[in-house]
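Colleague: quick one: sequence and predicted model below, then my questions.
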Amino acid sequence: MKKMAVITITKDNFAQEVMQSPVPVLLDFWAPWCGPCRMISPIVDEIAEETTAAKIGKINVDDEPELAAQFRVMSIPMLVVMEKGEAVSVSNGVKSKAAILEMLGL
């Protein structure tokens, strides 16, 4: 199975990429102006490059206000693990790579 790159998630591809995904999906809610988001981004990118067991998606809250509202994003960065269309784990703030992998069950 090929390694997965980070996918930009939008309201247009959310159902296909997240709700219908056969593997867990890590959603990284972020914004370009958010300092902590810039800190966590390389970690999320690294996980995407290393794992085939999960899909990694980023949602720019400025570009996708509907998705941010749907997930009740109050602060960013916010990480959500989705499995079979359900949010199974949610965390706010910067996390270590180990903590993110643990969220994904990897």
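Modeller: Perfect, I can see it now.
Colleague: so which bits of the lengthiest helix in the chain are buried?
Modeller: For the chain, the helix reaching the highest residue count under DSSP state H is reported as helix 35-50. Neighbour counts over helix 35-50 (16 or more other C-beta atoms under 10 Å) mark 37, 40-41, 43-44, 47-48 as buried. Any C-beta I mention is one placed from the backbone N, CA and C, and that applies to glycine too.
Colleague: now stretch 79-88
Modeller: 79-82.
Colleague: what does stretch 17-37 give?
Modeller: Buried residues in stretch 17-37, defined by neighbour count with 16+ other C-beta under 10 Å: 17-18, 21, 24-31, 34, 37.
Colleague: farthest-separated two in the residues you listed?
Modeller: The two members of these with the most space between them (C-beta to C-beta) are S21 and C34, at 25.3 Å.
Colleague: give me every residue that touches the residue lying closest to S96 once chain neighbours are set aside.
Modeller: Of all residues not flanking S96 in the chain, I43 sits nearest, at 7.5 Å (C-beta to C-beta, 6 or more residues apart in numbering). In this structure, I43 makes contact with 95-97, 100, judged by C-beta atoms under 8 Å, 6 or more residues apart in numbering.
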